[in-house]
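1. Provided below are the primary sequence and the corresponding predicted coordinates.
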Amino acid sequence: MDLDKPQPQPPQQPEGCLVVAFRMPVRIIALVVVLPLRMAWDALVVGGRFLNDLLLRPLGRALHWLYARVLTPIGQGTAWLLRHLVVVPVVALYEWVLAPVGRGVAWLVGVVGRGVGVALYWAARVLLVVPAVALYEWVLAPVGRGVAWLVGVVGRGVGAALYWTARILLVVPAVALWTWVFAPVGRALAVVAHEVGAALGHAWRIAGRISRAVGRGLGTLLRWIFVEPLRQVYRTVLTPVGHVVRDAVLRPVAEAARLAGRAAGQMLAAGRDAVRQARADLRRMFLGEPRPPVAVDRREPAGRDTRTLGSSTTALTKD
């Protein structure tokens, strides 16, 4: 793991005696707390690997096969049915019925709407726009400019008063509080957090080494208790017994089966020939010898010569 490798450390500044005295107890406590967590984490990782190899991967392959071989054909068939039973009729209805009707209605509405729109435009222009423009130019605009000037003068005075009030009541106390309280406390908390984080990292690395050592010890113990005896039993007992069974039983049985298969094949071939010969004899007994084929004159040219338009072998060009 990358956490177990020594990481290059940046150049450190001289530390005080309080920091050094605080570091060792924190690291010891962190090691005691982190060691069970690290061992549990390593056990979960090993169990997860076994679970992935024995269950999750075969289950994933089965789901993939189900999706590819069952769900995908069903979905394609359903899509084909929906396309030909729903989409195609709806599109045809839209193209050949709804769209022409809609275009006719839109044309009619447009013709009527243009006339009504022109009439409403001139009525609104004469009755609303011209009086509104005059009212804005001669009444509202001068009044608005006077009100804007008055509001600007008053707003600048109020803004200046609020600015200095906020500066004296809020900004100056906040700067003093940050400079004399929050910044020193933050620096102290940063030192404590750095030391705690370094202790946790150091404890995590030491716990990893301890966990790996315990795991290697358990693996060696299981190998000598279970794996090595089973391997010796397989080598000294099962393998010789398997060789004896293979040489004394399986090979003779396989050879006898092959010989029996060949003999059965030869017997079946002989039986088929005898049946074929008997059937031919019966046909000749009841029906006689088959007649030879009679040649039929098809008026086709003999050999490799083919009929062409320029030859005299057809009925139209024959002399």
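-> Now that the structure is in, tell me what you want to look at.
2. where does the protein dip in pLDDT?
-> Applying pLDDT under 70 to the chain flags the ranges 1-22, 286-319.
3. count the neighbours of Ala160 for me.
-> By the criterion of other C-beta atoms under 10 Å, Ala160 has 10 neighbours. All C-beta spots, glycine's among them, are computed from the backbone N, C-alpha and C.
4. before we move on, what about Trp180?
-> 9.
5. just the one 10 residues further on next, same as before
-> Counted by other C-beta under 10 Å, the residues lying close to Ala190 total 10.
6. just Leu200 next, same as before
-> Leu200: 17 neighbours (other C-beta under 10 Å).
7. so what does the helix or strand containing Ala188 touch, helix or strand wise?
-> For Ala188, the host element (DSSP states H and E) is helix 183-222. Packing contacts for helix 183-222, counted by 3 or more C-beta pairs under 8 Å, 6 or more residues apart in numbering; DSSP states H and E, involve helix 17-51.
8. quick one: the helix it packs on to helix 183-222, angle?
-> If you take axes from the mean of the first three to the mean of the last three C-alpha atoms, to 10 degrees, helix 17-51 sits at 40 degrees to helix 183-222.
9. which parts of helix 17-51 are buried?
-> Of all the residues in helix 17-51, those buried under the rule 16 or more other C-beta atoms under 10 Å are Phe22, Arg23, Val26, Arg27, Ala30, Leu31, Val34, Leu35, Arg38, Met39, Asp42.
10. then stretch 204-224?
-> Applying 16+ other C-beta under 10 Å to stretch 204-224 flags Trp204, Arg205, Ile206, Ala207, Gly208, Ser211 as buried.
11. contact partners for Val275?
-> Under the criterion of C-beta atoms under 8 Å, 6 or more residues apart in numbering, the contact list for Val275 is empty.
12. distance of Leu282 from Arg272?
-> Counting by C-beta to C-beta, to the nearest Å, the gap from Leu282 to Arg272 is 16 Å.
13. give me the contacts around stretch 98-108.
-> Residues from elsewhere that reach stretch 98-108, judged by C-beta under 8 Å, 6+ apart: none at all.
14. next secondary structure after the helix holding Ala188?
-> Next along from helix 183-222, by DSSP H and E: helix 228-233.
15. could I get the buried residue list for that next one?
-> Within helix 228-233, no residue counts as buried by 16+ other C-beta under 10 Å.
16. what's the offset of the helix or strand hosting Val130 from the middle of its chain?
-> Assigned by DSSP H and E, Val130 falls within helix 130-135. Distance of helix 130-135 from its chain centroid, counting by C-alpha atoms, centre = their mean, to the nearest Å, is 65 Å.
17. tell me the first helix or strand C-terminal of it.
-> Per DSSP H and E, the helix or strand that comes after helix 130-135 is helix 141-166.
18. now what about the helix or strand just after that next one, what contacts it?
-> Using DSSP H and E, the helix or strand that follows helix 141-166 towards the C-terminus is helix 172-177. By C-beta under 8 Å, 6+ apart, no residue outside helix 172-177 reaches it.
19. could you export helix 172-177 as PDB, keeping only the C-alpha atoms?
-> Output of helix 172-177 as PDB, limited to C-alpha atoms (Å, rounded to 0.1, in the frame of the first residue of the first chain):
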ATOM      1  CA  VAL A 172     -13.600  47.900  13.300                       C
ATOM      2  CA  PRO A 173     -14.800  45.500  16.000                       C
ATOM      3  CA  ALA A 174     -14.700  42.500  13.600                       C
ATOM      4  CA  VAL A 175     -11.100  43.300  12.500                       C
ATOM      5  CA  ALA A 176     -10.000  43.600  16.100                       C
ATOM      6  CA  LEU A 177     -11.800  40.400  17.100                       C
END
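20. send me the helix or strand hosting Leu81 as CSV with only the CA atoms.
-> Under the criterion of DSSP H and E, Leu81 resides in helix 72-82. This file holds the C-alpha atoms of helix 72-82, laid out as CSV (Å, rounded to 0.1, in the frame of the first residue of the first chain):
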residue,chain,number,x,y,z
THR,A,72,-32.8,-7.6,-25.3
PRO,A,73,-34.8,-9.8,-27.7
ILE,A,74,-38.0,-9.1,-25.8
GLY,A,75,-37.4,-5.4,-25.8
GLN,A,76,-36.6,-5.5,-29.6
GLY,A,77,-39.7,-7.4,-30.3
THR,A,78,-41.8,-5.0,-28.2
ALA,A,79,-40.2,-2.0,-29.9
TRP,A,80,-41.0,-3.6,-33.3
LEU,A,81,-44.6,-4.2,-32.4
LEU,A,82,-45.0,-0.6,-31.0
